[in-house]
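Colleague: Please work out how this folds:
(2 chains)
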Amino acid sequence: GESVGLHLPTLSVQEGDNSIINCAYSNSASDYFIWYKQESGKGPQFIIDIRSNMDKRQGQRVTVLLNKTVKHLSLQIAATQPGDSAVYFCAENTSGTYKYIFGTGTRLKVLA
Amino acid sequence: DGGITQSPKYLFRKEGQNVTLSCEQNLNHDAMYWYRQDPGQGLRLIYYSQIVNDFQKGDIAEGYSVSREKKESFPLTVTSAQKNPTAFYLCASEGEDSSTGELFFGEGSRLTVL
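Modeller: Numbers count the residues shown, from 1 in each chain, chains lettered A, B, ... in the order given. Coordinates of the predicted model:
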């Protein structure tokens, strides 16, 4: 299948372990952040989002952490499963604008 | 089911030809976007439209054109002026009243220039 990123950083984790994917964002004015999952040849799927008035948000098996001091975002996936294998990327936005800035992504490989 | 439909999924074009990628949404969203995705790069904005009959250039609009005659449709034309059109193209939409600002993406169209 097609690859959305031939030279992306890769994180390999054992099935059942926790995964942590990191993202450094660029704009200090950004106040809204999204994590997307993209499988090969498909469009990105929304995973979880967070606004800048929070530093942590939890979903089903996923947690997003936001550190505004160092402009860092992370996605934690608990009990990683083979179906989690994909490219994950972050997006940042400033409320009231239509400008989203997207990260290049990290490829997650889940080892059986 | 509500969503965004892009077509065709794969498209081959000879140099010098214009091609049009279709994007249709039934989410009743006002804002629609076109992004280009290349290996190792983040999504780059080509054009966006906040409302029917209005659209704005994004960061890499040269060689592309769009129209927004209907709320649900936002086709992208890749013209012969686009020097490197081979890429994966993604259409997205966003509701004006969305509390999350979440972008919904289509499944993408892969254009290859022969």
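Colleague: make it CA atoms for all contacts and neighbour counts henceforth
Modeller: OK.
Colleague: Test my guess that residue A:24 contacts residue A:75.
Modeller: No: at 11.6 Å, residue A:24 and residue A:75 do not qualify as touching, with contact defined as C-alpha atoms under 8 Å.
Colleague: Same drill for those two, tell me which one is more crowded.
Modeller: Legend: neighbour count by other C-alpha atoms under 10 Å in any protein chain shown for residue A:24 and residue A:75, higher for residue A:75 (25 against 13).
Colleague: which regions of chain B sit below the pLDDT cut-off?
Modeller: Residues of chain B meeting the criterion pLDDT under 70: B:1-2, B:96-101.
Colleague: Can you show me the strands along it?
Modeller: For chain B, strands defined by DSSP state E occupy the ranges B:4-7, B:10-13, B:19-25, B:31-37, B:44-51, B:54-57, B:64-66, B:76-78, B:87-94, B:104-105, B:109-113.
Colleague: How about chain A?
Modeller: A:10-14, A:19-24, A:32-38, A:45-51, A:56-58, A:62-67, A:72-77, A:86-93, A:100-102, A:106-111.
Colleague: what's the fourth one in contact with?
Modeller: For strand A:45-51, contacts defined as C-alpha atoms under 8 Å, 6 or more residues apart in numbering or on different chains pick out A:31-38, A:56-57, A:59, A:62-64, A:66, B:100, B:102-105.
Colleague: cutoff 6 Å now
Modeller: The contact list for strand A:45-51 (C-alpha atoms under 6 Å, 6 or more residues apart in numbering or on different chains) reads A:31, A:32, A:33, A:34, A:35, A:36, A:37.
Colleague: With just CA atoms, put that strand into CSV.
Modeller: The C-alpha coordinates for strand A:45-51 follow below in CSV (Å, rounded to 0.1, in the frame of the first residue of the first chain):
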residue,chain,number,x,y,z
GLN,A,45,-8.9,9.9,11.6
PHE,A,46,-9.5,12.1,14.6
ILE,A,47,-8.3,10.5,17.8
ILE,A,48,-8.4,13.1,20.5
ASP,A,49,-8.1,16.8,21.0
ILE,A,50,-7.2,19.2,23.8
ARG,A,51,-7.5,23.0,24.4
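Colleague: Paired strands for it, with orientation please.
Modeller: Strand pairing for strand A:45-51, using DSSP bridges, gives strand A:32-38 (antiparallel).
Colleague: can you check the first one too?
Modeller: Strand A:10-14 has these partner strands in its sheet, going by DSSP bridges: strand A:106-111 (parallel).
Colleague: and the angle from the partner strand to strand A:19-24?
Modeller: In terms of direction (axes from the mean of the first three to the mean of the last three C-alpha atoms, to 10 degrees), strand A:106-111 departs from strand A:19-24 by 170 degrees.
Colleague: can you count the residues close to residue B:43?
Modeller: By other C-alpha under 10 Å, 23 other residues sit near residue B:43.
Colleague: Identify the residues contacting it.
Modeller: Going by C-alpha under 6 Å, 6+ apart, residue B:43 touches A:102, B:35, B:36, B:37.
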